[in-house]
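Novice: fold the following.
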Amino acid sequence: MGFTRLKKIISKNKILIYITALLTVTSDVYEAKDTGMRFVQDIREIIGYEQPILVTVQGGGAMEKRLKLAKLEASNYSIPSSSSAVIKFLSLPWLNSPQSYIANTVHDYTFAIVTTVSPISSTSSEHVFDGGDCRLGVRASNIKKDKMIATFDIVSLSCTDNAGYAYSIEPDYPIGYISALSNPGIDKVKIVDNDSYLTINPDINYYA
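Specialist: Got it, this is the predicted structure:
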């Protein structure tokens, strides 16, 4: 008799019972999630994890912002090198139709400017140039749209030291090349399609 009455109560209050059950399950899920978050926070405190701080870079244009960002990121590097550097693109190369018109001749390449992020040093003197103090002229060529890769040769270098003295070199031959940070020995860099604009990824650093 008791079971018959309970069955009638359940049949009349199905919606209320479903809502109660849903609230109970939801409460259990959030309680478990909250416990898990507290556990993760405890682990972070034990290992000394610090939440990265996002810095808004001020500037009037994209190039100026990337230059200021390079100088901010330079604080992550302290050991100068005379043979390599971490770099960031300032101007974005146009790779859809890689042709430059110089002295009434057509060349199958295009140019861009990058800046150093890590410090570099001279091999012939004690000069050290901080991150953001050097510009490298790069020439893009061998653009393979089917594989979305290109080659970037370094064709010029210009630096300014802390005293304001400028130094530059622009030989008739490449003095280096650009690689991905993960493949420093490979002279091929991935390119991206930015709304039908073939170029490099400006949001990441590269290796020169």
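Novice: pretty sure Ile191 contacts Phe152?
Specialist: No - counting by CB atoms under 8 Å, Ile191 stays clear of Phe152, with 9.8 Å between them. From N, CA and C alone the C-beta is placed, and that goes for glycine too.
Novice: shared neighbours of the two, which are they?
Specialist: Ile200 (CB atoms under 8 Å, 6 or more residues apart in numbering).
Novice: those two: which is more packed in?
Specialist: Between Ile191 and Phe152, counting by other CB atoms under 10 Å, Phe152 is the more crowded of the two (30 against 21).
Novice: that one and Val138, how far apart?
Specialist: Distance of Phe152 to Val138, given as CB to CB, to the nearest Å: 5 Å.
Novice: who touches both of these two?
Specialist: Common neighbours of Phe152 and Val138 (CB under 8 Å, 6+ apart) are 93, 112, 178.
Novice: tell me the one of those nearest Ser83?
Specialist: The shortest approach to Ser83 among the shared contacts of Phe152 and Val138 belongs to Ile178, at 14.0 Å (CB to CB).
Novice: how about the shared contacts of Phe152 and Val138 in CSV, adding secondary structure and distance to Asn76?
Specialist: Listed next are the shared contacts of Phe152 and Val138 as CSV, based on DSSP: H, G, I helix; E, B strand; the rest coil; distance: CB to CB, whole Å:
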residue, secondary structure, distance to Asn76
Pro93, coil, 26
Ala112, strand, 23
Ile178, coil, 19
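Novice: of those residues, which one scores lowest on pLDDT?
Specialist: Here the lowest pLDDT out of the shared contacts of Phe152 and Val138 sits on Pro93, with 87.
Novice: quick one, what contacts the residue nearest to that one when sequence neighbours are not counted?
Specialist: In space, Pro93 comes closest to Ala112 once its chain neighbours are excluded; the distance is 3.9 Å by CB to CB, 6 or more residues apart in numbering. Contact analysis of Ala112 by CB under 8 Å, 6+ apart lists 89-93, 137-138, 140, 152, 200.
Novice: please report how far Ala112 lies from Ala74.
Specialist: 20 Å.
Novice: distance of the residue nearest to Pro93 from Cys134?
Specialist: 15 Å.
Novice: do Tyr206 as well
Specialist: Applying CB to CB, the value for Tyr206 to Cys134 is 14 Å.
Novice: isn't Gly185 right next to Ser179, touching?
Specialist: Yes - applying CB under 8 Å as the test, Gly185 and Ser179 come out as touching, 6.8 Å apart.
Novice: who has more neighbours, the two?
Specialist: The residue with more neighbours, out of Gly185 and Ser179, is Ser179; 18 against 7, by other CB under 10 Å.
Novice: okay, the more buried one: pLDDT?
Specialist: With respect to pLDDT, Ser179 scores 95.
Novice: please look at Val117 and Ser75 and confirm they touch.
Specialist: No - using CB under 8 Å, Val117 makes no contact with Ser75, being 10.0 Å away.
Novice: which neighbours do these two have in common?
Specialist: By CB under 8 Å, 6+ apart, the residues touching both Val117 and Ser75 are Gly131.
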